[in-house]
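Q: Quick one, fold the following:
(one chain, ligands or ions: 1)
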Amino acid sequence: MLDLRSPELLRTKAYMNGSWVEVTNTFDVHNPATGQELASVADLTVDDVRIAICAAHRAQPMWAAKTGKERAALLRRWHDLMVAHADDLAQILTAEMGKPLAEAKGEVLYGASFIEWFAEEAKRIYGDVIPGHQPDKRIVVLKQPVGVVGSITPWNFPNAMIARKVAPALAVGCTFVARPSELTPLSALAMAELAHQAGIPAGVFNVVPSTAAAEVGEEFCSNEKIAKITFTGSTRVGKILMEQCASQVKKVSLELGGNAPFIVFDDADVDAAVEGALIAKFRNAGQTCVCANRIYAQAGIHDEFVRELSDRVREFTVGNGFQDVTSIGPLINKAAFRKVEAHISDAVAKGATVKVGGSPHALGGQFYEPTVVTGMTSDMLAASEETFGPVAPVFKFETEEQAAMQANDSEFGLAAYFYTQDLNRAWRMAEQLQTGMVGINTGLISTEVAPFGGIKQSGLGREGSKYGTDDYVELKYMCFGGIQ
Ligand code: SIN
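A: Presented below is the predicted three-dimensional model:
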């Protein structure tokens, strides 16, 4: 059971219009490491969700009318509370999602960093003055909040995914209705408790847990009180939401699937490349959208890289995220587990060789062995689909041209990584890669100060950085005429 210093963080009711609301139905949340039931959470219907949307809609003019400095102060207080309660929030996160406790705490602080960043940005939502096009004209550009934002977020980062959407939205004066994954609603509800304690006014931030995922998504897209949808999840669902938003030409931000290439050139520092691969591939048991999904090693360095990578992967300890020694937790559910199995058996059937792992872990349940597979080819499932598990598939390549071509041979374009010590090659590759983010000699690119997001079928919009508020504002220009 959880051992929280502030037990009030474990909330199971919906948070709407500044209050905790009980509804008739509930759904159970389970710990993926043990299968143990953690809580029964309010299961909202679409009618319930509409009440939250109305509350957000009523609150929006009041919130937008506050000064940037006032909104900044409230966001800063929320950030401070998240940092102060990071240990409790991490426990809740590990319990419902499975990642090791230290990683969970890292996520909580990462989430809080977005709230801090956008608290600072709230004071700097600057417009522009454009020189008039006629002698009597003056043009001024305003940035205004889009209105109410509906957010749909996944289970792999139950805290940070919400934080990096709600923080820019609230900073510019939008209000927010969050539907967290039904697998991990407790982190979102704990964030709501802290938003409440921070004094964020009623209706500004609402959390609506529900198992009616498709219906709530449809409501967000069709309800005229919602001005914008922000979604992180699969490309398949992103396309559905985009289609549903089309009839109202509703704004959408989408952070969708990835299939990140991780390229190791002959001139790379092998130790650094292995270190980078471990973090880019195995963070969160391989369940991140920016995970290295395809590892390309150049022929001259391939064997050494595979040997070192395999040695390090053997050192991982699989287990319950609450145990100090654990470096790899369970997969989120049986479907995720089956996908990993399918990718490995497909690769082996088509000629790949398992160097490490390759089987369900002896712990049983949803634990899978950290795995390294070599001899990968482009006809294998893992070449074109996200594995979303602790599997490092290594492809061998000969030339830089081949590497660039294979890396770009994907409909996705979220992240890419490569290791080289040649500065010219670094620029050539970075410019050629068709992704929104490129890690050069690093396997960790996520930070609140940079614009996170993809191109191609990996999405629209950017989260974090000075660009992160752009998706939550409308530009309006005022043209003054007749100026003497
Ligand atoms: C992801 O989108 O899954 C990665 C999240 C992050 O690294 O910020």
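Q: any idea how far the residue nearest the centre of the chain is from the ligand?
A: Note on the chain: the residue nearest the mean C-alpha position is Met161, at 4.5 Å, using Cα atoms, centre = their mean. Separation of Met161 from the ligand (Cβ to the nearest ligand atom, to the nearest Å) stands at 7 Å. In this view, the C-beta of every residue, glycine as well, is placed from N, C-alpha and C.
Q: Contacts only, for Pro100.
A: Contacts for Pro100 were tallied using Cβ atoms under 8 Å, 6 or more residues apart in numbering; they are Thr94, Gly321, Thr326, Ser327, Ile328, Gly329.
Q: For it, grab phi and psi.
A: Main-chain dihedrals, Pro100, degrees, to the nearest 10: phi -60, psi 150.
Q: quick revisit: in JSON lines, list the contacts of Pro100 along with pLDDT, secondary structure and distance to the ligand.
A: Shown next, in JSON lines, are the contacts of Pro100 (pLDDT from 0 to 100; DSSP: H, G, I helix; E, B strand; the rest coil; distance: Cβ to the nearest ligand atom, whole Å):
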{"residue": "Thr94", "pLDDT": "98", "secondary structure": "helix", "distance to the ligand": "17"}
{"residue": "Gly321", "pLDDT": "98", "secondary structure": "coil", "distance to the ligand": "17"}
{"residue": "Thr326", "pLDDT": "98", "secondary structure": "coil", "distance to the ligand": "20"}
{"residue": "Ser327", "pLDDT": "97", "secondary structure": "coil", "distance to the ligand": "17"}
{"residue": "Ile328", "pLDDT": "98", "secondary structure": "strand", "distance to the ligand": "16"}
{"residue": "Gly329", "pLDDT": "98", "secondary structure": "coil", "distance to the ligand": "15"}
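Q: Now for the nearest residue to Phe395 once chain neighbours are set aside: which residues touch it?
A: The shortest distance from Phe395 to any non-neighbouring residue, by Cβ to Cβ, 6 or more residues apart in numbering, is to Met376 (4.4 Å). Residues near Met376 by Cβ under 8 Å, 6+ apart: Arg294, Ala347, Ala352, Ala382, Ala383, Pro393, Val394, Phe395.
Q: in the sheet, who's paired with the last one?
A: Counting by DSSP bridges, Phe395 forms beta bridges with Tyr296.
Q: Tell me, what's the model's pLDDT at it?
A: For Phe395, the model assigns a pLDDT of 98.
Q: Show me the domain layout of this protein.
A: 7-256+458-477, 260-447 (automatic domain parsing).
Q: Quick one: list the elements packing against the host helix or strand of Arg312.
A: Per DSSP states H and E, Arg312 falls inside helix 299-314. Here helix 299-314 touches helix 270-282, strand 353-356, strand 371-374, strand 391-397, going by 3 or more Cβ pairs under 8 Å, 6 or more residues apart in numbering; DSSP states H and E.
Q: so what's the backbone phi/psi at the closest residue to His361 other than its chain neighbours?
A: Sequence neighbours aside, Phe367 is the residue nearest to His361 in space, at 3.8 Å (criterion: Cβ to Cβ, 6+ apart). With angles defined as degrees, to the nearest 10, Phe367 shows backbone torsions of phi -90, psi 130.
Q: Just give the number of residues close to Arg312.
A: A count of nearby residues for Arg312, using other Cβ atoms under 10 Å, gives 18.
Q: For it, give me its contacts.
A: For Arg312, counting by Cβ under 8 Å, 6+ apart, the contacting residues are Val274, Leu278.
Q: Check the one 10 residues further on too.
A: Applying Cβ under 8 Å, 6+ apart, we find Phe322 in contact with Ala33, Gln91, Thr94, Ala95, Leu101.
Q: again, but for Ala285
A: With contact set as Cβ under 8 Å, 6+ apart, Ala285 has these partners: Gly98, Lys99, Ile328, Gly329, Pro330, Leu331, Tyr368, Gly389, Pro390.
Q: repeat for Ala52
A: Applying Cβ under 8 Å, 6+ apart, we find Ala52 in contact with Ala14, Met16, Asn17, Leu44, Val177, Asn206, Val208.
Q: Kindly report the same for Phe220.
A: Taking Cβ under 8 Å, 6+ apart, we find Phe220 in contact with Ile53, Gly150, Ile152, Val177, Arg179, Ile226, Ile229, Leu241.
Q: hang on, the earlier thing: identify, from the contacts of Met376, the entry nearest to the ligand.
A: Of all the contacts of Met376, the one with the least separation from the ligand (Cβ to the nearest ligand atom) is Arg294, at 16.3 Å.
Q: Check the secondary structure at that closest one for me.
A: Here Arg294 is strand, with the state taken from DSSP: H, G, I helix; E, B strand; the rest coil.
Q: Grab the nearest non-local neighbour of it.
A: Nearest non-adjacent residue to Arg294 (Cβ to Cβ, 6+ apart): Pro261, at 5.0 Å.
Q: Note down every partner strand of the helix or strand hosting the one you found and its orientation.
A: For Pro261, the host element (DSSP H and E) is strand 260-264. In the sheet, strand 260-264 lines up against strand 292-298 (parallel), strand 415-419 (parallel) (DSSP bridges).
Q: Mind putting the ones you listed into JSON lines with distance to Asp128?
A: Shown next, in JSON lines, are the strands paired with strand 260-264 (distance: least, Cβ to Cβ, whole Å):
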{"stretch": "strand 292-298", "distance to Asp128": "40"}
{"stretch": "strand 415-419", "distance to Asp128": "32"}
